[in-house]
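> one predicted model, sequence on top.
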Amino acid sequence: MRAKATFLALLMGLLCIAATAPAAAAYSRAEVAALQVALRSAGLYSGTVDGVAGPGTAAAVRAVQRNAGLAVDGIAGRATRRALGRLGRPDYGSRVIAPGAIGWDVAALQFSLAVHGFPSGPVDGGFGPRSTAALQRFQSWAGMSADGVAGPATMRALSTPPPRSPVKLRPPVRGPIGDRFGPRWNVFHAGLDFPAAAGTPVSAAGFGTVVAAGFDASGWGNMVVVGHRFGLRTLYAHLATIAVAPGQSVGVGQRIGTVGSTGRSSGPHLHFELRLRGANIDPLSAL
């Protein structure tokens, strides 16, 4: 009961923090993620930056308070955030975020960009080149001027729900799903992993046209990309073999290759992504 009460107190405290920024309800999860980033930087939290105020986050907040000589109430209020240093401030939405910025609001922005399909590497509170590039991609996707600066208009655009698939697709591999779309440690996993034996058939999730097929040196290994309606593309990575060529039309369930472990891969599996006009979206919204 005591642990439950502490967890609820932390959650209420985080909601109070979010209320100081515009569109508080939309930002509450990003604010929790920003807190987790600050706690990780202090060496007090080793869990995933997922924007969920769980027991590990609550314990880390209490540790900050004990170390700083504050009342140990598990609530991440102003004094606790000051004790976290430059990653404990300023509030998300309280300033325009430009390249080179560091802080709580930067971590919240990075998390929001990742959730909306534009991950930028580690969510760490530092607005570097990768974060700038991700922001510019999001701004272009949202029909805004891609200036790489996050002002009120960009933050309003990020307050909308993340995009979902406009069509239904078929799973590309028969079998269980491993890692899913979402936060993983302090980075973001932008697709679904299907662990399967090497050589397992991989099929097209929907009808379309092959826009890329070959070896990708950035880490995907043998990869196929299929273009579908509405600006939707599916990506199939780490393949052992490829059975299609660019420009080829494919039908639903048509074999496009086999499961492998090429590129940066820890073992045989299919990494499957869904992109809507360039934004990574949760494949489970289509399958």
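Looks like it came in fine.
> how about the helices in the chain?
Ranges of helices within the chain are 2-18, 24-41, 55-68, 78-83, 104-115, 129-141, 152-158, based on DSSP state H.
> residues of the second one that come out buried?
Read that as helix 24-41. Within helix 24-41, the residues that count as buried by 16 or more other CB atoms under 10 Å are 24, 26-41. (C-beta placed from N, C-alpha, C; glycine too.)
> how about the third one?
By neighbour count, with 16+ other CB under 10 Å as the criterion, the buried positions of helix 55-68 are G56, T57, A58, A59, A60, V61, R62, A63, V64, Q65.
> so for V244, which of the helices of the chain sits nearest?
Judged by CB to CB, the one of the helices of the chain that comes nearest to V244 is helix 129-141, at 27.3 Å.
> what about that closest one, average pLDDT?
Taken as a whole, helix 129-141 has a mean pLDDT of 98.
> who's in contact with it?
Identification of contacts with helix 129-141 by CB atoms under 8 Å, 6 or more residues apart in numbering yields 99, 106, 109-110, 113-114, 116-121, 145-150, 154, 157-158, 277-279.
> what angle sits between that helix and helix 104-115?
Interaxial angle, helix 129-141 versus helix 104-115 (axes from the mean of the first three to the mean of the last three CA atoms, to 10 degrees): 60 degrees.
> what about helix 129-141, distance to the chain center?
14 Å (CA atoms, centre = their mean, to the nearest Å).
> which positions within that helix qualify as buried?
For helix 129-141, by 16+ other CB under 10 Å, it's S131, T132, A134, L135, Q136, R137, F138, Q139, W141.
> next, format those as a markdown table and append distance to I242.
Shown next, in a markdown table, are the buried residues of helix 129-141 (distance: CB to CB, whole Å):
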| residue | distance to I242 |
| --- | --- |
| S131 | 33 |
| T132 | 34 |
| A134 | 29 |
| L135 | 34 |
| Q136 | 32 |
| R137 | 27 |
| F138 | 31 |
| Q139 | 34 |
| W141 | 29 |
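> and the helices of the chain, which one's lowest on average pLDDT?
Looking at the helices of the chain, the bottom one is helix 2-18 with a mean of 43.
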